[in-house]
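>>> task: produce atomic coordinates for the following.
(one chain, ligands or ions: 1)
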Amino acid sequence: MTGGALVLFSGGQDSTTCLAWALQRFERVETVGFEYGQRHRIELDCRERLRESLGALNPIWAQRLSDEHTIDLGVLGEVSETALTRDMAIEVADSGLPNTFVPGRNLIFLTFAAALAYRRGLKHIVGGMCETDYSGYPDCRDDTLKALQVALNLGMERRFVLETPLMWIDKAATWQLAEELGGRDLVELIIQGSHTCYRGERGQRHSWGFGCGDCPACELRADGYRRFRAEAADSELEIAP
Ligand code: ZN
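Coordinates of the predicted model:
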């Protein structure tokens, strides 16, 4: 097994930042995307362009960026009726979770990713799960992923490391991380090329990127971007004479 990495890459802000993070650290980086009857395929269509743009940003990243995989998990749409897989309004259910929740989705994604990483000889599995800004999805929690890492390693007799660089940072800090990894060019690439909107809208370009502007995913992304810009402006004032 090499020290390479497999990045769960959906084409959104978080997974694009995770891909840059992995390219900075690992000599071989492969990506995997899942199709499971999403209402919009825009995120998946963004992926190839984002991979090309990341390679163009940094020649070392271009060398390290290796194969792209797509896994069809259409079966997920059969077992769950959610706003992401059916034509439903996005709202918060009685459980307190938004109805975008596909039960156990990340457990399934990571298990398939580990099976792929096993075959590809990759040790690190990188995902954008986050406990700080999250919508309450229990399969994004650090404890869940720690337990899954143990289960995968026992069940496959490997030493996979589940890497979650965004786990303890908020959306503003995710933008900040992108700036640290690839400067303003990477921030601009993520604004322009990544997709987050639950409704799959790309008609209007805002300062933070494309989207409807009022679904939970757009609001989180926009608010994080505003705080990131505000913090950047504050620190520029501090270092000014
Ligand atoms: Zn939206």
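>>> rest of the way, CA atoms for contacts and neighbours
OK.
>>> which residues touch the nearest residue in space to Cys140 that is not next to it in sequence?
Spatial nearest neighbour of Cys140, excluding adjacent residues (Cα to Cα, 6 or more residues apart in numbering): Met129 at 5.1 Å. Going by Cα atoms under 8 Å, 6 or more residues apart in numbering, Met129 touches 140-141, 164, 166-167.
>>> in what helix or strand does Met129 lie?
Assessed by DSSP states H and E, Met129 sits outside every helix and strand.
>>> now Leu152
helix 142-156.
>>> what of Trp21?
If you go by DSSP H and E, Trp21 is part of helix 13-25.
>>> C-alpha coordinates for that helix, CSV please?
Extracted in CSV, the C-alpha atoms of helix 13-25 (Å, rounded to 0.1, in the frame of the first residue of the first chain):
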residue,chain,number,x,y,z
GLN,A,13,-16.8,23.8,-2.2
ASP,A,14,-15.9,21.5,0.6
SER,A,15,-14.7,18.6,-1.4
THR,A,16,-12.8,20.9,-3.8
THR,A,17,-10.9,22.3,-0.8
CYS,A,18,-10.3,18.8,0.4
LEU,A,19,-8.9,17.8,-3.0
ALA,A,20,-6.4,20.8,-2.9
TRP,A,21,-5.5,19.8,0.7
ALA,A,22,-4.7,16.2,-0.5
LEU,A,23,-2.8,17.4,-3.5
GLN,A,24,-0.6,19.5,-1.2
ARG,A,25,0.2,16.4,0.9
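>>> what about the next helix or strand after that helix, average pLDDT?
Downstream of helix 13-25, the next assigned helix or strand under DSSP H and E is strand 29-35. For strand 29-35, mean pLDDT is 94.
>>> before I go, just wanted to say thanks for your time.
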